[in-house]
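*Asks:* Quick one, fold the following:
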Amino acid sequence: MADKWGLCKSCQWWQIEPTAKIEDATMGLCIDENLQPYRLLVSGNSGCNRFIKGTPAKAEGSSSQPPTAEPTR
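*Replies:* Predicted coordinates:
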């Protein structure tokens, strides 16, 4: 399981604001297909076992509380 675990800031399923920097404290929406119904707002320092290494997506409203952005992938 440890080989599939990773931080949101390095995951393709993390979506942040278009002008946001990829940092530990940056907040964004988890857009993993199975987790989308939960509208999870997570920091770059969060992590889970659904991690897929990649560049985070960007969309306006990804850090709103609750998130208002639609998944872009």
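*Asks:* ok, residue 66 - how many residues close by?
*Replies:* Neighbour count of residue 66, defined by other CB atoms under 10 Å: 9. For every residue, glycine as well, the C-beta is placed using N, CA and C.
*Asks:* Please apply the same query to the one 5 residues further on.
*Replies:* Look at residue 71: counted by other CB under 10 Å, it has 16 neighbours.
*Asks:* can you pull the contacts of the spatially closest residue to it that is not a sequence neighbour?
*Replies:* Using CB to CB, 6 or more residues apart in numbering and skipping residues adjacent in sequence, the residue nearest residue 71 is residue 31, 3.8 Å away. Residue 31 makes contact with 13, 14, 15, 57, 71, 72, 73, according to CB atoms under 8 Å, 6 or more residues apart in numbering.
*Asks:* Mind doing that once more with 6 Å?
*Replies:* When contacts are counted by CB atoms under 6 Å, 6 or more residues apart in numbering, residue 31 touches 13, 15, 71, 73.
*Asks:* Which strand residues bridge residue 11?
*Replies:* Taking DSSP bridges as the rule, residue 11 bridges to residue 53.
*Asks:* That one against residue 51, yeah?
*Replies:* Yes. Here residue 11 lies in contact with residue 51, judged by CB atoms under 6 Å, at a distance of 5.1 Å.
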